[in-house]
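[1] task: produce atomic coordinates for the following.
(2 chains)
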Amino acid sequence: MVIRIKKRKRGLSEKIFLVLIVLVLVLGSLNIAKAKGWLIPQQKFEVKDGVVDLSSMSLEQKIAQMVIVHGGLHNLHAWKNMQVGGIHLFALQNGELYKEIIDKFQEEMEIPFFVTVDLEGCWNPFANFKQFVAVSEINSTGEAFEKGSDEGKFLSGLGFNVNYAPVVDLNDEIWKCRSFPGDEKRIGELAEAYILGLQSEGVIATAKHYPGKTLVVKDPHKFLVVATIAEEDLYPYNYLVEKGEVGMVMVSHIIVSGAVDSEGYPSVVSKEVIKGVKEGFKGLIVSDEVNMLGLKDYYLAIENMYVDLVVAGNDLIINFNEDPNEIWEMILRIKEAVERGEISEEQINNSVRKILIAKGLTVIES
Amino acid sequence: MASDKVMAIINVSLGLIAVLLLINLFGVELPSLGQAKLFLDKEEPVCVVNWKEDYSLWGDIDSCCLEVRKQLGCELVVEGLEDWDVDWVCKTGEGKVLKYWLNDKAYNYCQQSVIW
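    Next up, the predicted model:
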């Protein structure tokens, strides 16, 4: 009798063990699939002879084109599946590694990625194998053009097509090397020459960080950064926009007042601030990286921040969150805002049209 | 075959693992020991920007973390700075390069970030 009860007990334990081991294996596999982004639906796409029909793109596909992520190989399949607009690369050991990674990303992509980098001021992600002169050591427009051209040749050789440079903010008190020397007029001229050189090699330049003062603010509060913008801070941006050469303008998270007023919002989510640069500008407006507490702390729910970034008028959103599920969430939250009517689909179309044209594609709407 | 006691221990352990996997699958974030340690640590994070002979304290730790993330790597400091107590130096390459000097508090904070 005792033996039979023991046997029954053991039989039950073994059954529970089998159920649990299967459960752990299934849940483990689902966790891996989720972490790798395999549960995100694939965004199929068709481009014929470099022509994209905007009306054939789903809303998710269009919004995904507005996102720039960190191009880590661990997320290769996730970013390709989502067809995000661009990948950004940090410092690597050598040029071959850059080429290899960029090739892997661009392989079989119907719409190529923007491949972006920060080669700006005195920050050189290639310093392990290639040196460049810091912009603070540039004294003439000839030198600035040559620098832009040299860097453009080098970047396009590796496969990059966007550089988040030049910085055109004034009075670099923190790094003392990120901005061109001189007053606002001189900075505008040198930046223009650099942009012409860079873009002559097929690499899009980015004037940053609108509306200025990002090099002088030294933490007035712990996480929220505020500044008063003067007319001279805006001068390089107005000058470059008027010249019509620069391909992108990056907007900062600083809360501003003065010559431009963000009305208490971080600049990057302020309609007023972005309207100021968008008027008369045919290029792309790109947000600064969005995972900074100066921006995030402003929101109780992060999905509201994602929506506000588009509502404010950014064409491209830089989000280096390493979790592909979070990037997919962002796309879905923005899509819901479009469906609710908070963002017009026409605004999304305008941004995507500009992005695709900047990638060298022809855009039609059947 | 394992004894009843061993089977019970294995089953309870598997049950706990299944619960943790389920929590992770649905994205429920639990406060970790690391986060608690960071919260209780009252030391101020320090980020010092260094170009050539110039050193400047940078108060925007989140932006500092982003710049540090862009570097090739960080290493423990052998010889520190005169004006600040730092434990890590982050840079790309040798020679005339931009460097970021951090104390443990700032470095650990950066590593908790979603961009890391």
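
[2] my read: A:Gly197 touches A:Gly152, true?
    Yes - A:Gly197 is in contact with A:Gly152 according to C-beta atoms under 8 Å; the separation is 6.2 Å. No exception for glycine: its C-beta is placed from N, CA and C like everyone else's.

[3] what about the helices in chain B?
    B:4-25, B:33-40, B:61-69, B:104-111 (DSSP state H).

[4] what are the buried residues along stretch A:236-245?
    For stretch A:236-245, burial by neighbour count (16 or more other C-beta atoms under 10 Å in any protein chain shown) applies to A:236-241, A:245.

[5] flag the shaky bits of chain A, pLDDT-wise.
    A:1-10, A:217-224 (pLDDT under 70).

[6] follow-up on the earlier one: of all the helices of chain B, which lies closest to A:Ile204?
    Across these, A:Ile204 has its closest neighbour in helix B:61-69 (20.9 Å, C-beta to C-beta).

[7] distance of A:Ile21 from B:Gly93?
    Going from A:Ile21 to B:Gly93 by C-beta to C-beta, to the nearest Å gives 49 Å.

[8] the more surrounded of those two?
    Using other C-beta atoms under 10 Å in any protein chain shown as the criterion, A:Ile21 and B:Gly93 rank with B:Gly93 on top: 19 against 15.

[9] residues touching the more buried one, list them.
    Taking C-beta atoms under 8 Å, 6 or more residues apart in numbering or on different chains, we find B:Gly93 in contact with A:124, A:127-129, B:72.

[10] name the nearest of these relative to A:Gly202.
    Nearest to A:Gly202 among those, with distances taken as C-beta to C-beta, is A:Asn124, at 20.0 Å.

[11] surely the closest one is in contact with A:Gln131?
    Yes - counting by C-beta under 8 Å, A:Asn124 does reach A:Gln131; the two are 7.1 Å apart.

[12] bridging residues for B:Tyr100?
    The partner list for B:Tyr100 in beta bridges (DSSP bridges) reads B:Val49, B:Cys90.

[13] identify the contacts common to A:Gly197 and A:Gly152.
    By C-beta under 8 Å, 6+ apart, no residue touches both A:Gly197 and A:Gly152.

[14] give me the pLDDT value at the closest residue to chain A within chain B.
    Residue of chain B nearest chain A, by C-beta to the nearest C-beta: B:Gly59 (2.2 Å). Note on B:Gly59: pLDDT of 86.

[15] what does it show for phi and psi?
    Torsion angles at B:Gly59 (phi, psi; degrees, to the nearest 10) stand at phi -80, psi -20.

[16] so how many other residues sit close to it?
    The number of residues packed around B:Gly59, counting by other C-beta under 10 Å, is 20.

[17] which SS class is the closest residue to A:Lys104 other than its chain neighbours?
    Closest residue to A:Lys104 apart from its sequence neighbours, by C-beta to C-beta, 6 or more residues apart in numbering or on different chains: A:Leu76 at 6.1 Å. Following DSSP: H, G, I helix; E, B strand; the rest coil, the label given to A:Leu76 is helix.

[18] distance of A:Leu76 from chain B?
    Distance check for A:Leu76 against chain B: by C-beta to the nearest C-beta, to the nearest Å, it reads 18 Å.

[19] pLDDT wise, what is the most centrally placed residue in chain B at?
    A centroid search over chain B (C-alpha atoms, centre = their mean) returns B:Gln111, at 2.6 Å, as the residue closest to the centre. Looking at B:Gln111, its pLDDT reads 93.

[20] let's have the contacts of B:Gly93 in JSON lines, adding secondary structure.
    JSON lines is the format used below for the contacts of B:Gly93 (three-state DSSP):
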{"residue": "A:Asn124", "secondary structure": "coil"}
{"residue": "A:Ala127", "secondary structure": "coil"}
{"residue": "A:Asn128", "secondary structure": "coil"}
{"residue": "A:Phe129", "secondary structure": "coil"}
{"residue": "B:Leu72", "secondary structure": "coil"}
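
[21] which of these are buried?
    Buried among these (16+ other C-beta under 10 Å): A:124, A:127-128, B:72.

[22] any chance of the residues you listed in CSV with distance to A:Glu342 as columns?
    As requested, the buried ones among the contacts of B:Gly93 are exported to CSV (distance: C-beta to C-beta, whole Å):
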residue, distance to A:Glu342
A:Asn124, 41
A:Ala127, 44
A:Asn128, 45
B:Leu72, 42
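
[23] for the residues you listed, which one is nearest A:Ala227?
    Among those, A:Asn124 lies closest to A:Ala227 (C-beta to C-beta), at 27.0 Å.

[24] secondary structure class for the nearest residue to the closest one once chain neighbours are set aside?
    Spatially, and ignoring its direct neighbours in sequence, A:Asn124 is nearest to A:Phe132 (5.4 Å; C-beta to C-beta, 6+ apart). Recorded secondary structure, A:Phe132: coil (three-state DSSP).

[25] next one: A:Ile102
    From three-state DSSP, the assignment for A:Ile102 is helix.

[26] do A:Tyr237 as well
    A:Tyr237 ends up helix, using three-state DSSP.

[27] surely it touches A:Lys208?
    No - between A:Tyr237 and A:Lys208 there is no contact, the gap being 9.4 Å when judged by C-beta under 8 Å.

[28] which residues are common contacts for those two?
    A:168, A:249.

[29] what's the burial count for the nearest residue to A:Phe180 once chain neighbours are set aside?
    Computed as C-beta to C-beta, 6+ apart, the closest residue to A:Phe180 that is not its neighbour in sequence is A:Leu190, at 4.1 Å. When counting by other C-beta under 10 Å, one arrives at 27 neighbours for A:Leu190.

[30] sticking with A:Leu190, tell me its helix or strand.
    Element membership of A:Leu190 [criterion: DSSP states H and E] is helix A:184-199.

[31] which elements pack onto that helix?
    helix A:141-158, helix A:231-243 (3 or more C-beta pairs under 8 Å, 6 or more residues apart in numbering or on different chains; DSSP states H and E).

[32] buried residues of it, list them for me.
    Neighbour counts over helix A:184-199 (16+ other C-beta under 10 Å) mark A:184, A:187-199 as buried.

[33] just stretch A:352-363 next, same as before
    So for stretch A:352-363, counting by 16+ other C-beta under 10 Å, buried means A:352-356, A:358-359, A:361, A:363.

[34] stretch B:82-102 now?
    B:86-93, B:97-98, B:100-102.

[35] now these in CSV, with pLDDT?
    What follows is the buried residues of stretch B:82-102, written out as CSV (pLDDT from 0 to 100):
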residue, pLDDT
B:Val86, 96
B:Asp87, 96
B:Trp88, 97
B:Val89, 97
B:Cys90, 97
B:Lys91, 96
B:Thr92, 96
B:Gly93, 90
B:Val97, 94
B:Leu98, 95
B:Tyr100, 97
B:Trp101, 97
B:Leu102, 97
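
[36] widest-spaced pair of the residues you listed?
    Using C-beta to C-beta, the two most remote members of those are B:Asp87 and B:Gly93, lying 21.0 Å apart.
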